[in-house]
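Novice: From the sequence below, what's the structure:
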Amino acid sequence: MIFVLFRSAGTTHNQGTGIILIALALTEPPYLQNMITDIKSEVGQRRLEHAVDGLGIIETGLSSRSKTCKRSGTASGKSCRSADSKSLGTDDSTKVGRVILKKCEAKELRLAHRLRRISNCPDNAATRITRGGARKTLLYPMKVDIPAGCITAILGTSESGKSTLLKFMAGCADTNLDCDGVVNLHGPSSYLPQDTNLHRFYTPRTYVKHYDRLLSSSFSGKAVSPSHPRFMSDKDIEGLLDSLRISHDRRDTVVGDAFRRGLTLGEKRRLELGLSVLSVPDTLFCENPFEGLDSETSLHIMEFLKGYSSNSSRRVIVTLNRPSNFIWNLIDNVILLSRGRVVFEGARFDMEGFFAHHGMSTPKRFSPIEHYLAVVNNFRRPTTAVNWEANFKEWQEEFNEDDGDEFGLDLETCFPSAIPEVNIPQRLVQGAFGGEKFACSKVACCAHNQQFRQLARRYLLQMLLNPGILQIRLAMYTLLSLFLGALFFNLEKDFEDNQSIDSHASLLFYSSSFYIFMVCATIPFLAIDLQIRNKEVLNGFYHPSIHHLAVSLSTIPASLFLSLVISVIQVNMVGLQNGLQFFLILTLALWCADALVILVSLCAPHFVIGIVVYAGICGLFMALEGFMLVPSKFPTWLRWTYPVPFHTYVFRSLMFNEFDGDTFGNEVLHMYEIEDTSVSHDMVVLLCYGLIIHLLCMLKIAFGHTQRITKRMAGA
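Specialist: Below you'll find the model as predicted:
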């Protein structure tokens, strides 16, 4: 008999890592023989646990049927799977935990998806299209149950449809999918995407505090009760970080980015998981949470999920590729997919019985999950998935709870490693996303105001602490301004000289064009921020329009500061006229550029495409602003394009500000056909231009959010 003994270094979640002890007993001691004889009874389990002094035991040779019944609370020693199989045969779509998928097809590729492929972005099963352009079925009709108080794992190989099914359940299926079905998962939900999306300047402690305040702004009252304050206490925060197994010396370390080293990938993943459960969702969706992690870190995450799902009303649904045996032992329910078909659905303990029933029991010393995946994914036989789907349906119909002898051997953790106790403050459980939320318009307005303040504060901190958003732009603008100031130092104001006129006009054209163009440096960081926003909006933290309003207003201080630096350097070194007006015009120009960058980021599927699109727009606008060619020289059919770019109003306002008031200066303005320019009018136009771009952003956000809500309501 082979025993694999697993013991955690402590019985609580905040103690050290696990120690694995392996004991090979060629001859079984008498006291163990007696306990193995009556292991199916609770008394035998307690005796065995006492004999090994609290060690967890992973032992081969136990009947999966008996263990299933002990977990479900029956005393007859028989499986309760038949009751579930009967319910699966019904069409009761109102059953809590029932998910019915009628169809899931990929639509024809649109331009955005073609561009996504060109940009070498990660492609998933949701964009698979046949060469002829016809629709392809990604998931076939299925009916599955997600039990409460359990971890349900969606298993399968690549392109089997795991992520597509998970996103359908979560209500965030890709836009190019045509899905129809019913998802009856009650209560709030939270979705944890596969890619880690976190703000790089927060530490684990400050991140939890920020999310706590962001969630608290959704409450209808200041506190649920005097004993449950509105915000998490330091003790609650430390307890959550303990359950996530983030060490104390790493809790004040920033997440990190390309400019600063910070948390490891495993620590980031655990932190993001902890942030996802702060809203206490009844259903937690995790898309491949162990991607790129080592086995020990993966086990820690799985134990946290196990502790969270211990509440009888919570469901945890994860997609996995090839889990280790330790993770496999913590799974309660399994949905096994093969080429978009369900080939098994039910309790993990029943899988061996199902495959043994069809002559495919797990060989000795084989990993069960490796065996199951290999059996149902024989790529040399394209009909394997269809056959196993039919076998499963037949097994559901013919299963008899008296056929207990057909169950084979299974691998089970009788006494699992220490599962952390996940405690979220009670005020979140009672107040967040509950019926009291936004009871009246006044409360809703107050909550939106608090959410706006939290998001605005976060974006301001991001601009100050993220080098890529403000600091790099500041350094670049300062160096360019100093270079231009040295190049055009004390530029002569003799407007009778054509060379002086060309020098002034070129400098102003450069100021009205290149500074605007360089705002594209923020697009990669905006793309990261939008990914985080999409995750938070999907999890119900706030409405996306509040986030956009906070971001758009937070860009004003940055535009003011950068314009001030540029104006101080160039006005003093070059000797430009009316420095205050130059500063105001440049501020409005940068604000419009920030608005355009946000709009492009919202529409572009990838930040590389966004940079290309923004660069193309700026190049087009520079050609039309009236410096290279005056408006009267435009082709007749293109003259309507002159007032379209906001560069036009920036350039002619700067030119009028510099050349107005002088006889020869007025001739220069006449030469550029801008002698009738009103600077105040053009500044108002720039202000309205930025507001119109932000309005387009709000319409894009509202349209996308409405589509997402419609799909989620249709799925519910």
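
Novice: Restrict stretch 167-186 to CA atoms and write it as CSV.
Specialist: Output in CSV follows, covering the C-alpha atoms of stretch 167-186 (Å, rounded to 0.1, in the frame of the first residue of the first chain):
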residue,chain,number,x,y,z
LYS,A,167,-17.8,33.9,-20.6
PHE,A,168,-21.3,32.9,-21.7
MET,A,169,-22.1,32.0,-18.1
ALA,A,170,-20.6,35.3,-16.9
GLY,A,171,-22.4,37.4,-19.5
CYS,A,172,-19.3,38.7,-21.2
ALA,A,173,-19.1,36.6,-24.4
ASP,A,174,-17.1,38.1,-27.2
THR,A,175,-19.0,40.5,-29.5
ASN,A,176,-18.5,38.2,-32.6
LEU,A,177,-20.4,35.4,-30.9
ASP,A,178,-24.1,34.5,-31.5
CYS,A,179,-25.1,32.8,-28.3
ASP,A,180,-28.6,31.8,-27.1
GLY,A,181,-29.4,30.2,-23.8
VAL,A,182,-30.4,30.6,-20.1
VAL,A,183,-28.0,31.2,-17.2
ASN,A,184,-29.8,30.8,-13.9
LEU,A,185,-27.1,31.8,-11.4
HIS,A,186,-28.7,34.0,-8.8
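
Novice: So which bits of it are buried?
Specialist: Across stretch 167-186, burial judged by 16 or more other CB atoms under 10 Å covers 167-174, 176-177, 179, 181-185. Where C-beta positions appear, they are placed from N, C-alpha and C, glycine not excepted.

Novice: now for the residues you listed, which pair is the farthest apart?
Specialist: Maximum pairwise distance in the buried residues of stretch 167-186, criterion CB to CB, is 25.3 Å, between 176 and 184.

Novice: Just give the number of residues close to residue 704.
Specialist: 15 (other CB atoms under 10 Å).

Novice: Now do the SS call for it.
Specialist: Assigned with DSSP: H, G, I helix; E, B strand; the rest coil, residue 704 falls in the helix class.

Novice: before we move on, back to that, please flag which of the buried residues of stretch 167-186 sit within strands.
Specialist: Using DSSP state E, the subset of the buried residues of stretch 167-186 located in strands is 177, 179, 181-183.

Novice: need those in JSON lines with pLDDT and distance to residue 312, can you?
Specialist: Converted to JSON lines, those look like this (pLDDT from 0 to 100; distance: CB to CB, whole Å):
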{"residue": "177", "pLDDT": "82", "distance to residue 312": "33"}
{"residue": "179", "pLDDT": "85", "distance to residue 312": "30"}
{"residue": "181", "pLDDT": "87", "distance to residue 312": "26"}
{"residue": "182", "pLDDT": "87", "distance to residue 312": "23"}
{"residue": "183", "pLDDT": "88", "distance to residue 312": "20"}
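
Novice: ok, so of those, who is nearest residue 647?
Specialist: residue 177 (39.9 Å).

Novice: contacting residues for the closest one?
Specialist: The contact partners of residue 177, taken as CB atoms under 8 Å, 6 or more residues apart in numbering, are 104-107, 126, 138, 164, 168.

Novice: before we move on, the earlier item: and which of the buried residues of stretch 167-186 is nearest residue 150?
Specialist: Of all the buried residues of stretch 167-186, residue 185 has the smallest distance to residue 150: 12.8 Å, by CB to CB.

Novice: which residue packs closest to the closest one, ignoring adjacent ones?
Specialist: Nearest non-adjacent residue to residue 185, counting by CB to CB, 6 or more residues apart in numbering: residue 283, 4.8 Å away.

Novice: give me the beta-bridge partners of that neighbour?
Specialist: Beta-bridge pairing for residue 283 (DSSP bridges): residue 189, residue 315.

Novice: I'd say it and residue 314 touch.
Specialist: Yes. Look at residue 283 against residue 314 with CB atoms under 8 Å: they come within range, at 7.4 Å.

Novice: follow-up on the earlier one: can you convert the ones in strands among the buried residues of stretch 167-186 into JSON lines and add a column each for distance to residue 395?
Specialist: What follows is these, written out as JSON lines (distance: CB to CB, whole Å):
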{"residue": "177", "distance to residue 395": "30"}
{"residue": "179", "distance to residue 395": "27"}
{"residue": "181", "distance to residue 395": "23"}
{"residue": "182", "distance to residue 395": "24"}
{"residue": "183", "distance to residue 395": "25"}
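
Novice: Can you classify residue 272 by secondary structure?
Specialist: Quick answer, by three-state DSSP: residue 272 is helix.

Novice: Report whether the expected contact of it with residue 196 is present.
Specialist: Yes. The criterion here is CB under 8 Å, and residue 272 meets it with residue 196 at 5.7 Å.

Novice: The two: which has the busier surroundings?
Specialist: Shown here are residue 272 and residue 196; by other CB under 10 Å, residue 272 has more neighbours (21 against 18).

Novice: quick one: the more buried one from residue 327, how far?
Specialist: In this view, residue 272 and residue 327 are 18 Å apart by CB to CB, to the nearest Å.

Novice: again with residue 568
Specialist: Taking CB to CB, one finds residue 568 at 59 Å from residue 327.

Novice: If you count surrounding residues, which of the two has more?
Specialist: More neighbours surround residue 327 than the other of residue 568 and residue 327, with 23 against 14 (other CB under 10 Å).

Novice: Please settle this for me: is the more buried one part of a strand?
Specialist: No. Read with three-state DSSP, residue 327 is helix and lies in no strand.

Novice: going forward can the numbers begin at 519, since that is how I track them
Specialist: Got it, first residue is 519 now, which makes that one residue 845.

Novice: what residues are up against the closest residue to it other than its chain neighbours?
Specialist: Take residue 845 and drop its neighbours on the chain: the residue closest to it by CB to CB, 6+ apart is residue 820, 4.8 Å away. Residues near residue 820 by CB under 8 Å, 6+ apart: 669, 808, 841, 844-845, 848.

Novice: which phi and psi does residue 820 have?
Specialist: With angles defined as degrees, to the nearest 10, residue 820 sits at phi -70, psi -40.

Novice: quick one: pLDDT of the closest residue to residue 830 other than its chain neighbours?
Specialist: Excluding its sequence neighbours, the residue lying closest to residue 830 (CB to CB, 6+ apart) is residue 667, at 4.3 Å. pLDDT, residue 667: 89.

Novice: rewinding a little: among the contacts of residue 695, name the ones in helices.
Specialist: When these are checked against helices (DSSP state H), the matches are 682, 686.

Novice: Show me the two of the contacts of residue 695 that sit farthest apart.
Specialist: The two members of those with the most space between them (CB to CB) are 625 and 686, at 14.6 Å.

Novice: can you pull out the strands in the chain?
Specialist: With DSSP E, the ranges of strands along the chain come out as 520-526, 536-542, 574-581, 616-624, 654-657, 660-663, 668-673, 695-701, 707-710, 801-805, 833-838, 851-856, 859-865, 927-931.

Novice: Give the pairing partners of the longest one; include direction for each.
Specialist: With DSSP bridges as the test, strand 616-624 is paired with strand 654-657 (antiparallel), strand 660-663 (antiparallel), strand 695-701 (antiparallel).

Novice: Tabulate the ones you listed (JSON lines), appending distance to residue 1198.
Specialist: Shown next, in JSON lines, are those (distance: least, CB to CB, whole Å):
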{"stretch": "strand 654-657", "distance to residue 1198": "58"}
{"stretch": "strand 660-663", "distance to residue 1198": "65"}
{"stretch": "strand 695-701", "distance to residue 1198": "51"}
